[in-house]
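**Student:** Provided below for reference: sequence and predicted model.
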Amino acid sequence: MQRIYDFLRGHPTGVDVFWAVVLFGLSWVGAPPLTGSLPAYAVSSGLLSLAVALRRRAPAKMLLLVIAVGIFQLVFGVTPFVADFAMLVIIYTVAAHEGPRWASRLALVGGLTASPLSQLAWPPDMPHSRGPQIFFAVIMTVPFALAWVLGDSLRTRRAYFAQLEERAARLEREREAQAKVAVAAERARIARELHDVVAHNVSVMVVQADGAAYVMDTSPETAKQALETIAGTGRQALAEMRRLLGILRTGEHQEAGEYVPQPDVRQIEDLVEQVRGTGLVVDFKVEGTPRPLPSGVELTAYRIVQEALTNTRKHGGPDVGASVRLLYFDDGLGLLVEDDGRGAPQEMYEDGGADGRGHGLIGMRERVGMVGGTLDAGPRSGGGFRISALLPLKPAH
């Protein structure tokens, strides 16, 4: 049965042609009473059957054809017969079809006037028949009205389901777009993390390697300490990169071991000690009462200090010194990182630089913006470079 149903749905015109042939055949079964000529009867039955055959291909045109046939029957006196059933079918089709609204309204008007016009053209041969004539006209109008109501209800239902499908498709597209935005944001976050990890740790390793090569012959013990610092920094870099890469994998961290915890404010002192081991003099001070902060704020604070000290080593020049201040407020955390070196070139902190450099400062601003804070970075009036940030406990709306 399902195959037959699918075949019928796949060949609607063929089904309509079949019923048109049946309707045309029924019109000629027996000897129908005719008040008009036989040619007019044949033309009417043929055109009405044609309207049924093409009703789904051109419903509005078939409606006009049926109306024309009805007028033709009135003019040539062809009494109602079996083929007039096509009028009901066309009215239903036009009302159910997503076509011009004028066609649906015209079908309703035509259906409501067909029976009264028929009664006026061929009144019953009964004395004092005005009452029965009106009653019969009203009764014969009901099928036309029901056909139109049924078709219009089907059209409304189809439009409703189409709207639901379109809404579901739109929600699916929006969900996909939100997923892409989330993926892009996660990639940007991981890119910032990788930048901070690589820029800081590789910078430390390069400085230590240069120092070890310089004192290898004159002070082997100092070179040994530098190599140990390189090894420790490399292990730390690998641990942080393993954590970041673990985020990109699904279900692999159970085999690779637990993730390395994200850096927080408490590890800033260890970071400062590591930087001091590279030969950079750093003054570190905490003001206020330390307390637990949101993880996003703690990671942002750590990365800002890390990036600032990395920039100091890169651009501060020889004999540069730096200071790091953490200030705990009631509603947030303040950071101040300064150095007395040469400072970064102007293009490094203005719009990222024309040569594409300055991504560290851009990353700082993005991180601070994500937690609703503010960042100020630029050269100091007395020389050197200054970075200050205020990280609120709650993001700004």
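**Tutor:** Great, that's in hand.
**Student:** mind picking out the helix or strand in the protein with the poorest mean pLDDT?
**Tutor:** helix 253-256 (a mean of 41; mean pLDDT, DSSP states H and E).
**Student:** next helix or strand past that one?
**Tutor:** Using DSSP states H and E, the next helix or strand after helix 253-256 towards the C-terminus is helix 268-277.
**Student:** quick one: list the elements packing against that next one.
**Tutor:** Helix 268-277 is packed against helix 220-248, strand 281-287, helix 295-315, strand 321-328, with contacts defined by 3 or more C-beta pairs under 8 Å, 6 or more residues apart in numbering; DSSP states H and E. Heads up, the C-betas are built off the backbone N, CA and C, glycines and all.
**Student:** contacting residues around it?
**Tutor:** Helix 268-277 is contacted by residues 204, 229, 232-233, 263, 282, 284, 301-302, 305-306, 309, 313, 322, 324, 326 when judged by C-beta atoms under 8 Å, 6 or more residues apart in numbering.
**Student:** OK, contacts around Arg367?
**Tutor:** Listed by C-beta under 8 Å, 6+ apart, the contact partners of Arg367 are 192, 299-300, 303-304.
**Student:** nearest to Phe385 among the contacts of helix 268-277?
**Tutor:** Set against Phe385, the nearest of these by C-beta to C-beta is Ala322 (9.1 Å).
**Student:** neighbours around that closest one, how many?
**Tutor:** Residues contacting Ala322 under the criterion other C-beta atoms under 10 Å number 26.
**Student:** so it makes contact with Thr312?
**Tutor:** Yes: taking C-beta atoms under 8 Å as the definition, Ala322 is a contact partner of Thr312 at 4.9 Å.
**Student:** by mean pLDDT, show me the worst of the helices and strands packed on helix 268-277.
**Tutor:** For these, mean pLDDT drops lowest on helix 220-248, to a mean of 72.
**Student:** mind checking how far Thr141 is from Ile67?
**Tutor:** Using C-beta to C-beta, to the nearest Å, Thr141 is found at 16 Å from Ile67.
**Student:** again but with Leu54, I slipped
**Tutor:** 15 Å.
**Student:** out of the helices and strands packed on helix 268-277, deepest packed?
**Tutor:** Across these, the average number of neighbours (mean count of other C-beta atoms under 10 Å) peaks for helix 295-315, which reaches a mean of 23.
**Student:** just the CA trace of that one, in PDB.
**Tutor:** Output in PDB follows, covering the C-alpha atoms of helix 295-315 (Å, rounded to 0.1, in the frame of the first residue of the first chain):
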ATOM      1  CA  SER A 295      39.300  31.900  37.500                       C
ATOM      2  CA  GLY A 296      39.000  34.200  34.500                       C
ATOM      3  CA  VAL A 297      40.300  37.200  36.400                       C
ATOM      4  CA  GLU A 298      43.200  35.200  37.900                       C
ATOM      5  CA  LEU A 299      44.300  33.800  34.500                       C
ATOM      6  CA  THR A 300      44.000  37.200  32.900                       C
ATOM      7  CA  ALA A 301      46.200  38.700  35.700                       C
ATOM      8  CA  TYR A 302      48.800  36.000  35.300                       C
ATOM      9  CA  ARG A 303      49.000  36.400  31.500                       C
ATOM     10  CA  ILE A 304      49.200  40.200  31.700                       C
ATOM     11  CA  VAL A 305      52.200  40.000  34.000                       C
ATOM     12  CA  GLN A 306      53.800  37.300  31.900                       C
ATOM     13  CA  GLU A 307      53.400  39.300  28.700                       C
ATOM     14  CA  ALA A 308      54.600  42.500  30.300                       C
ATOM     15  CA  LEU A 309      57.800  40.900  31.700                       C
ATOM     16  CA  THR A 310      58.400  39.200  28.300                       C
ATOM     17  CA  ASN A 311      58.200  42.600  26.600                       C
ATOM     18  CA  THR A 312      60.500  44.000  29.100                       C
ATOM     19  CA  ARG A 313      63.100  41.400  28.300                       C
ATOM     20  CA  LYS A 314      62.600  41.900  24.600                       C
ATOM     21  CA  HIS A 315      62.600  45.700  24.300                       C
END
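**Student:** ok and that helix relative to strand 281-287, angle-wise?
**Tutor:** Angle, helix 295-315 to strand 281-287, by axes from the mean of the first three to the mean of the last three C-alpha atoms, to 10 degrees: 160 degrees.
**Student:** let's have the chain start at 35 instead
**Tutor:** Fine by me, first position is 35 from now on; the one you just mentioned is helix 329-349.
**Student:** what packs against helix 329-349?
**Tutor:** Checking 3+ C-beta pairs under 8 Å, 6+ apart, helix 329-349 ends up next to helix 164-249, helix 302-311, strand 355-362, strand 366-373, helix 393-404, strand 419-426.
**Student:** using a markdown table, lay out these together with distance to Asp410.
**Tutor:** Formatted as a markdown table, the helices and strands packed on helix 329-349 follow (distance: least, C-beta to C-beta, whole Å):
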| stretch | distance to Asp410 |
| --- | --- |
| helix 164-249 | 19 |
| helix 302-311 | 19 |
| strand 355-362 | 14 |
| strand 366-373 | 10 |
| helix 393-404 | 10 |
| strand 419-426 | 5 |
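**Student:** distance from the chain centre to the helix or strand encompassing Val109, please.
**Tutor:** Using DSSP H and E, Val109 falls within helix 93-110. How far helix 93-110 lies from its chain's middle: 50 Å, per C-alpha atoms, centre = their mean, to the nearest Å.
**Student:** and if you look at stretch 58-65?
**Tutor:** With C-alpha atoms, centre = their mean, you get 60 Å for stretch 58-65.
**Student:** ditto for stretch 166-186
**Tutor:** Distance of stretch 166-186 from the chain centroid (C-alpha atoms, centre = their mean) equals 49 Å.
**Student:** can you pull out the residues in contact with it?
**Tutor:** By C-beta under 8 Å, 6+ apart, stretch 166-186 touches 121-123, 125-131, 138, 141-142, 144-146, 148-150, 152-153, 157-158, 160.
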